[in-house]
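Peer 1: I would like the atomic coordinates for the input below:
(chains A and B)
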Amino acid sequence: MSLPYVLAHPLGRLSLESLPFWQMLQDPSEANVINGVIATGAASMVVIGAIVTFALITRYRKWGVLWSHWLTSPDHKKIGIMYVVLAFVMLARALIEALLMRTQQAFGLGGGFLSPDHFAQLFSTHGTIMIFFMAMPFLTGMINYVMPLQIGARDVAFPVLNSISLGLTVAGAALVMISLCIGTFSTGGWFGYPPYTEATFSPGVGPDYWIWSLSLASLGSTFTGINFAVTIYKHRAPGMTFMRMPLFTWTALCTSILMIFAMPPLTVATAQLALDRYLGFHFFTNALGGNMMHFANLFWLFGHPEVYILILPAFGVYSEVVSTFSGKVLFGYRTLVMATMAIAILSFTVWLHHFFTMGQSANINAVFGIASMLIGIPTGVKIYDWMLTMFRGRIRFTVPMIYSIGFMLLFVLGGMSGILLADPGVDYQVHNSVFLVAHFHNVAVPGLLFGMIAAYHFWFPKAFGFRLNEGWGKISALCWIAGFMLAFFPLYALGLMGMPRRTVAYSEPAYVPLEMVALLGAALIILALTALIVQLWVSIRQRNANRVFAGDPWDGRSLEWSISAPPPEYNFAMIPRVTDRDAFTVAKEGRSAYQRLDTYEDIEMPKNSAMGPVIGAVGFSLAFGLVWHIWWMVILSFLAGMVTMIVRGFARDTTRIVSAQQVRKEHHHWVDALASVTAISRADERTPANDGLAQHEIDGVVP
Amino acid sequence: MVALLAIFVALPIFVLLPWFAWRYRYGAKSSRYTPKWAFSRTLEVAAWSGPAVIVALLAVLVWRSTHALDPYKPLASGTPALRVLVIGYDWKWLFIYPDLGVASIGVLPLPAGQPVAMQLTSATVMQSLQIPALGSQIYAMGGMVTQLHLQADKPGRFMGENTMYNGDGFHEQRFTAVAMTPDAFNDWVKHTRAHGMALDASTLKLISEPTTRAQLAAALGQRQASDGGIYFNHATSDIFSNVVMATMNGAAAEPQTAGLAATSTATHVVLNATPPSPEQKP
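Peer 2: Purely as a prediction, here's the structure:
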């Protein structure tokens, strides 16, 4: 690429042809029109969504609030909420894509309506979004919100870095979103195997969008992992020893460790692929010493631990939910901790099972197959321990509990199909088939997604001060469970019938009935999402009836329930002293909860910083410039990023003081409010009578 | 067997979980309630050892079956294996019978009862060959050679496919494995030797274009046979080894020439006068 060429093309590869409706206008054949209309519709949703959001913020004059109270806030609680909002937005897009794919396949006997390229973009963005821009932000947001509260900390260890992680993740998500409007996304699937994604075979911008959105997200996640791990190591309240940490915090720690070790291989793999594509290196090419298996190794060295990065926090949520709503101490705490750690370590020993069929020796395959099955042991133990927690409990079927029970039953099936796939003999038969698709959705949907939605219902009252509507929550939960079963159980059968994954069309009429059932399941899942949105709307409308300012709507057991809902920005008026597991239950039993303090102290909190949004914006424009070969944009963004970091290096005044008086005022306001509410028994938990204060134990009987 | 053992772990959960959920629901005031009960050595040992014993049993099974079903392991048989060299193109498989001098696209004729020893490579991106009814699958990768052994015990027609996404024509990269009696197979070989197209440089060049089988048939100026196959003669093992070497040396993959990626393969194949033997994948 010569200098005159670069000067003559200031917008790089960008041209009118990059617009989603251009091909349809140039060549209005039926297929082009159908695909053009769908692509343009999707792009318009993004554009209209953005315009409406901007208009509403301007109309209600909220730009100032948005900037100073949210975007630049280093508060872990607000960052957590923003992560979860991002996760829901991306979930909506990826679910619509899933519905589109299911519709295509239901009518895919000999054709269907989508072009192969369009379909390939759909499965690539669906996977990429669900893993990197739905699941990761969801769990990162939940950990962000809950973990510092559970360990009695005021914030994470590096609040501004936390904001930067969010900025980078949002930049990656924005890159995937803008690929709907300008250009096309990769067709190489969520794992983007070369040489297909090399410039030789995919010269367009698609794989570049994929590479840079993943790079941004993986950097953000590495920082997040470091941030969480340091927070848990260094910022626990006095007395909170490791073996007194709530299980959710334990899973957060294991996930953070996995992030620290597993994310860099991904960053390296995508960087090497970028070098291949941009500078003609030969890491993964067919020729000149390149070897695509290196990519497979690096990617799955990230990819398999990633599976446990996703699932472990959900396991933590289930531990909290089952214990709380069974009104019991968690059974086998020590065992659950050991099982979590065992899973974290074993997760690094199994990556090769993703390519049993690449031709390595039977010895290697057998060893990795057995290692994969080993993970079944601690996972099985966890399910037994949750069951034993329910045993002789007083179980309340709240929405999070419904998700938990659905998870336990469905996840066992996913685990069983996993054991089957771990047998190389079976894998040779169903590798790359929709059986595999059914398997990983069977563990990811009931495992991760149900866990995160349960967490959303469980901690929503803590974050916003009012409970979510129970009725709509139940409708949504049942739609999720039924929809999941209808959508994915048929895929097990289709996989055994030899249907490969990622196929836009097929020629076997026997597939059609099962595909129709799966389409029905996908429709139910869309209903479930709609019910979640309706639930949020209804809950906001009814918020005054369902307030739980006292802060403990579920008779909670850990420290996050010991403060008001929503909590003050500094979380705790005084850092609690911990003497045992289930610290808040212990305090309630010892009548030491809800105390006024004798003295109050000034609290030092981090100041707002524009680093997060600025680095996010710079990251986005850098990546966009790289995707389209707009070199001046790349250079400017890179310089802007450097300057931002250097300027930040000179910032000395990074904290501010919340005065003792202010803390005293807020704390007393809360304790006074407690006096005016009635403590309720668990029978009234889901009624407006629940003000967030739980009845104490009476004669050894928990109400 | 594996499934049975796995069910053994799962069954208690399916039975006990709903029962616990019902028996110890909040409304059932008569059921026993032990809010502080958090440990039982017996139950903990059982929870760990149950799955551990089953995984230990599974490990033995997996070790044996993995070795027994290793696709690289030649099948025990009284008859010597039929060699087939498989080249994955976008978006069709070329099957070369080097010892018989014939080749086919779209149909894989096999003699029933005789083991087949396949060697596979790809002229383009990664692909994965599978004939579900005959078991097993293996990837085909550029510049590398993999192996697959299989056998059809009885005559029949079996769907074969590529399971690894490789672009627009992916869903049409299917073929039919036709297992026939040895006599019928010999007739097919004779007929193809006499009436097939010559697998020469110009034909190979057309095959290496990114086209589906139907597009290729049109480009070759012939209709597909009634069974969907395109049959060739003058097929040698050199074609296979040339593709491996050309792909490895980069003749097939000049950067920034997408869509025509594999076009130079064929020219290279004919230019390469002294082909080396197929490379084994390291």
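Peer 1: what helix or strand does the closest residue to A:Leu622 other than its chain neighbours sit in?
Peer 2: Take A:Leu622 and drop its neighbours on the chain: the residue closest to it by CB to CB, 6 or more residues apart in numbering or on different chains is A:Ser637, 3.7 Å away. Where you see a C-beta, it was placed from the backbone N, CA and C, and this is true even at glycine. Assigned by DSSP states H and E, A:Ser637 belongs to helix A:631-649.
Peer 1: and what of B:Ala46?
Peer 2: Assigned by DSSP H and E, B:Ala46 falls in helix B:41-68.
Peer 1: can you tell if that helix touches chain A?
Peer 2: Yes - using CB under 8 Å from any CB of the partner chain, helix B:41-68 reaches chain A at B:43-44, B:47-48, B:50-52, B:55, B:58-59, B:61-63, B:65-68.
Peer 1: test my guess that A:Thr40 contacts A:Gln23.
Peer 2: No - applying CB atoms under 8 Å as the test, A:Thr40 and A:Gln23 come out as separate, 10.5 Å apart.
Peer 1: centre-most residue in the chain?
Peer 2: You didn't pick a chain, so chain A it is. A:Ala135 (2.3 Å; CA atoms, centre = their mean).
Peer 1: wait, chain B was what I had in mind.
Peer 2: Taking CA atoms, centre = their mean, the centroid of chain B lies closest to B:Leu129, which sits 2.4 Å from it.
Peer 1: quick check: closest non-adjacent residue to the residue of the stretch 101-250 of chain B at minimum distance from chain A.
Peer 2: As assessed by CB to the nearest CB, chain A sits closest to B:Gly250 within the stretch 101-250 of chain B, at 3.0 Å. With sequence-adjacent residues excluded and distances taken as CB to CB, 6+ apart, B:Gly250 is closest to A:Ala287, at 3.0 Å.
Peer 1: and that neighbour, how many residues sit next to it?
Peer 2: Number of residues near A:Ala287 (other CB atoms under 10 Å in any protein chain shown) recorded here: 21.
Peer 1: how about the helix or strand hosting B:Ile13: buried residues?
Peer 2: B:Ile13 is part of helix B:2-23 when elements are defined by DSSP H and E. For helix B:2-23, burial by neighbour count (16 or more other CB atoms under 10 Å in any protein chain shown) applies to B:Val2, B:Leu5, B:Ala6, B:Val9, B:Ala10, B:Pro12, B:Ile13, B:Leu16, B:Leu17, B:Phe20, B:Ala21, B:Arg23.
Peer 1: out of those, who's near chain A?
Peer 2: Within the buried residues of helix B:2-23, those near chain A by CB under 8 Å from any CB are B:Val2, B:Ala6, B:Val9, B:Ala10, B:Pro12, B:Ile13, B:Leu16, B:Leu17, B:Phe20, B:Ala21.
Peer 1: make JSON lines out of those and add pLDDT.
Peer 2: Formatted as JSON lines, these follow (pLDDT from 0 to 100):
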{"residue": "B:Val2", "pLDDT": "64"}
{"residue": "B:Ala6", "pLDDT": "68"}
{"residue": "B:Val9", "pLDDT": "75"}
{"residue": "B:Ala10", "pLDDT": "82"}
{"residue": "B:Pro12", "pLDDT": "87"}
{"residue": "B:Ile13", "pLDDT": "90"}
{"residue": "B:Leu16", "pLDDT": "93"}
{"residue": "B:Leu17", "pLDDT": "94"}
{"residue": "B:Phe20", "pLDDT": "95"}
{"residue": "B:Ala21", "pLDDT": "94"}
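Peer 1: the residue nearest to A:Leu622 and chain B, how far apart?
Peer 2: Per CB to the nearest CB, to the nearest Å, A:Ser637 is found 25 Å from chain B.
Peer 1: residues in contact with that residue?
Peer 2: Each residue near A:Ser637 by CB atoms under 8 Å, 6 or more residues apart in numbering or on different chains is listed here: A:Val618, A:Gly619, A:Ser621, A:Leu622, A:Gly625.
Peer 1: 7 Å instead?
Peer 2: A:Val618, A:Ser621, A:Leu622, A:Gly625 (CB atoms under 7 Å, 6 or more residues apart in numbering or on different chains).
Peer 1: repeat that for A:Phe620.
Peer 2: Contacts for A:Phe620 (CB under 7 Å, 6+ apart) come out as A:Ala171, A:Ala174, A:Leu175.
Peer 1: do that again at 6 Å, thanks
Peer 2: By CB atoms under 6 Å, 6 or more residues apart in numbering or on different chains, the contact list for A:Phe620 reads A:Ala171, A:Ala174.
Peer 1: can you tell me the SS state at the closest residue to chain B within chain A?
Peer 2: Among all residues of chain A, A:Ala287 sits closest to chain B, at 3.0 Å; criterion: CB to the nearest CB. Secondary structure, DSSP: H, G, I helix; E, B strand; the rest coil: A:Ala287 is coil.
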